[in-house]
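1. I'll drop the sequence and a predicted model, then ask my questions.
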Amino acid sequence: MVDRGASALSLPDDWPAHPDPILALNRMGSFDWDLDSGLFHMDAQAHEVFDLRPDEFDDNPVSLAGRVPSTEAHRLDALVAQAIKDGSENYGTYFRLRCRDGSLRWTHTQGYIRRDETGRPRRIIGIVRDATQEMGELEARREQAAQDEARRRQTNVVQLTTAALAHARTVQDVIDVLKDTHGLTHLGATSLVMGLVEAGRIRLIAEGPAGSFVPGTDITRIDEPYPMSEAVRTLTPRFIESPQEFADRYPILWPHITDLKITSAAYLPLIAEARPIGAMGLLYSDRYGFTPEDRNVLIALGSSIAQSLQRAMLYEQEKDLATGLQQAMLPRTIPSVPGVDVAVRYRAASAEGSLGRDIGGDWYDLIPLPGGRVGAVIGDVQGHDTHAAAVMGQLRIVLRAYAAEGHPPATVMARASVFLHELDTDRFATCLYAEADLSTGVVQVVRAGHIDPLVRQAGGSCRRVTVAGGLPLGLSAEFGQLDYPVATLELDPGDTLLLCTDGLVEVPGADLDDGMQALTTLITGGPTDVWELADLLIDVAEERAGDDDVALLLLLRRVPDAQQPGGRLQQHVAPGDPEALTQARHMIRTAVGAWGARERSDEIELVADELITNALMHTEGAAIVTLRVLSGSDRRMRVEVEDSSSALPRRREAGESGVSGRGLLLVDLLSDVWGVEARGGGKCVWSEFVVRERT
């Protein structure tokens, strides 16, 4: 067989070959493997590599089984077989061999496959060498790379966690960030416990995994023998590297947590502004000990968590203060007013950002007035902070005071604007004031930059009531535009007046008119009960989670059980405003009919129109029209027109072709009695009409 192989491959006569001196100098051994005979010849240096004496090897590869572990042997056989199969000329690999003393060491082999002219493999010539040093260096590089990767991963977790904590607004937000699967668990922690320092005690706010709470540890003293207390007391972290160490150092706590299979733990003090505000514990169930790098990373992370936790605590404190201030500024209760059902709601904003952003200056108010009337107010002070809430409280009080003094709606709004302008603030406010006479259903509405009201009729349909308005409060006084037009609408029994702030209507990216239309549709399909409707509307605002607060007031005029006596209505008529004059006439006609004096409505309306016209033509400024029912020996309807001029009206002869001069004659002819009264800087011209008692 050897001769045939030699003739085919022209093999040298001195086969097997003698070791090359150069290989020996490089501590390499050579081998010559005859694939036909199966003989595996090695030189002396190769024997040393395999830790064999020459008499311990019989040139049979099977005899190397004691030196090459079976897993390595299978891998080598597969490597050589694949090289032979795919026509490769050589192969090379590292493998481990077992030395005489039983230790393993790395070895490198490289073989060259010789084939005959048919391509059949006949012989493999190669080398083996000790690769302990280079593999050691390789393993060291791999280990270093693994450590670098672990360090990068830890640093990345710290960065991601710190970035997430930057958006945490509340203490619970901080806990949620830390418990998130992309948070501290990437550092290997199984669970988290956390406590806050309060009045010399530690209050637990995160209890670790479900079912792990230790009774009696929800509030602990700082001097108690617990790891969290110790970290707070000493201001230094506590690293527990084994279960035995945990049991030895904290024998009171350990028996309660043995079921958690904790293998190590790290308790970190949370320090902000040089004082402890709490402590955090990271519990591990699959690691022992902490490297210096691990400790540094955890300490750095604890510092970041402490800063975020302090911000969250300050935010919650200011939020509680601001919310308390705002609640104090809103009406504590809504008075019960006969003839109406009233529902009010308030929802704070949910905007992210600076402290106090989830409070605002929105408010509502209901003001009982004499003569069966009621005033409804909705408003919004610019801004979302404690200052806005404080301004809102002051503005609400003065609006209530001006309305209770008996001023007409336009005057109430104008005086409130002057007050806000003179207040030491740069804020303005939008507002809508509606004064309703519940006996007639007549509602006078004044709007200062606010959104329009809505009316839902008893049948369920809802409409937006367009009200001509003036500038927002504060701005109208600054620009000297204090004239607020008064609109008049009617509420039939069963109708509901809805006043709201823009937080209920405005949607980012949508038009205000679209928002009003959507609100109108929602109210049309909503419940008939005002309290249920208010709940529905505020729930919609809650689901939207907008960045503006919402105030809402619903006023339902009930169907009266019996006819109620008339009351008092008042209207402000500005000069040069024909619409206001028309609205005043409409108010008088509606009220006279509702108060059971329809048989004299034409006379009353004509006299009132004459008195108003005289006031506007012969004086400067606006006229204030008041219509009231007087009781006594007989029932009378009284019309009053007040102006700012002290000049008394006088009768004049109009002449045959005169256009003017007939007004007072008409008043005298149609009225049962009339007269003039001095009113401070002006006068009041009044006229009374006897009407039959209502049945």
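-> Everything's here; your move.
2. Look through the protein and tell me its longest helix.
-> Among the segments of the chain that qualify as a helix by DSSP state H, the longest is helix 292-329.
3. Mind giving me the packing neighbours of it?
-> The helices and strands touching helix 292-329, judged by 3 or more Cβ pairs under 8 Å, 6 or more residues apart in numbering; DSSP states H and E, are helix 132-165, helix 171-179, strand 264-272, strand 275-284, helix 386-404. For glycine as for every other residue, the C-beta is placed from the backbone atoms N, C-alpha and C.
4. Could you check how far the third one is from the centre of its chain?
-> Yep, that's strand 264-272 we're talking about. In terms of Cα atoms, centre = their mean, to the nearest Å, the centre of strand 264-272 is found 29 Å from the chain centre.
5. which residues are in contact with it?
-> 227-228, 230-232, 234-242, 246, 276-284, 287-290, 295, 298-299, 301-303, 305-307, 309-310 (Cβ atoms under 8 Å, 6 or more residues apart in numbering).
6. what about the residue nearest to G126 when sequence neighbours are not counted, how many residues close to it?
-> Computed as Cβ to Cβ, 6 or more residues apart in numbering, the closest residue to G126 that is not its neighbour in sequence is G111, at 3.4 Å. For G111, the neighbour count with other Cβ atoms under 10 Å is 23.
7. now swap in the one 4 residues further on and tell me
-> A count of neighbours around R115, defined by other Cβ under 10 Å, yields 16.
8. which ones are touching it?
-> Contacts for R115 (Cβ under 8 Å, 6+ apart) come out as P121, R122.
9. again with D672
-> By Cβ under 8 Å, 6+ apart, D672 lies in contact with R636, E688, F689, V690.
10. same question, G682
-> Here G682 is in contact with T619, E642, D643, S644, S645, S646 (Cβ under 8 Å, 6+ apart).
11. Go ahead and confirm the third one touches T613.
-> Going back to what we said before, that points to D643. No. Judged on Cβ atoms under 8 Å, D643 makes no contact with T613 at a distance of 11.5 Å.
12. Looking at these two, which is more packed in?
-> Set side by side, D643 and T613 show more neighbours around D643, with 26 against 15, by other Cβ under 10 Å.
13. Okay, and F239 sits in which element?
-> Assigned by DSSP states H and E, F239 belongs to strand 238-240.
14. So which helix or strand of the chain has the lowest pLDDT on average?
-> For the chain, the helix or strand with the lowest mean confidence is helix 2-9, at a mean of 41 (criterion: mean pLDDT, DSSP states H and E).
15. on that earlier part again, out of the helices and strands packed on helix 292-329, which is closest to V443?
-> In terms of Cβ to Cβ, the element of the helices and strands packed on helix 292-329 nearest to V443 is helix 386-404, at 13.9 Å.
16. Need the CA coordinates for that closest one. CSV is fine.
-> In CSV, the C-alpha atoms belonging to helix 386-404 read as follows (Å, rounded to 0.1, in the frame of the first residue of the first chain):
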residue,chain,number,x,y,z
THR,A,386,-51.7,79.6,41.3
HIS,A,387,-51.8,83.3,40.2
ALA,A,388,-54.5,82.5,37.7
ALA,A,389,-56.5,80.8,40.5
ALA,A,390,-56.0,83.7,42.9
VAL,A,391,-57.1,86.3,40.2
MET,A,392,-60.1,84.0,39.5
GLY,A,393,-61.2,84.1,43.1
GLN,A,394,-61.0,87.9,43.4
LEU,A,395,-62.9,88.3,40.1
ARG,A,396,-65.6,85.9,41.1
ILE,A,397,-66.2,87.8,44.3
VAL,A,398,-66.5,91.2,42.7
LEU,A,399,-68.8,89.9,39.9
ARG,A,400,-71.1,88.5,42.6
ALA,A,401,-71.0,91.8,44.5
TYR,A,402,-71.8,93.9,41.5
ALA,A,403,-74.7,91.6,40.5
ALA,A,404,-76.1,91.5,44.0
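17. Give me the residue ranges of the stretch 101-250 of the chain where confidence is low.
-> Low-confidence segments of the stretch 101-250 of the chain, defined by pLDDT under 70: 146, 149-151, 153-157, 181-188, 208-213.
18. what about 80?
-> Counting by pLDDT under 80, the stretch 101-250 of the chain contains low-confidence ranges at 136-169, 177-189, 206-217.
19. With the stretch 301-450 of the chain instead?
-> Regions of the stretch 301-450 of the chain meeting the criterion pLDDT under 80 cover residues 317-330, 332, 348-360, 370-372, 384-386, 424, 439-440.
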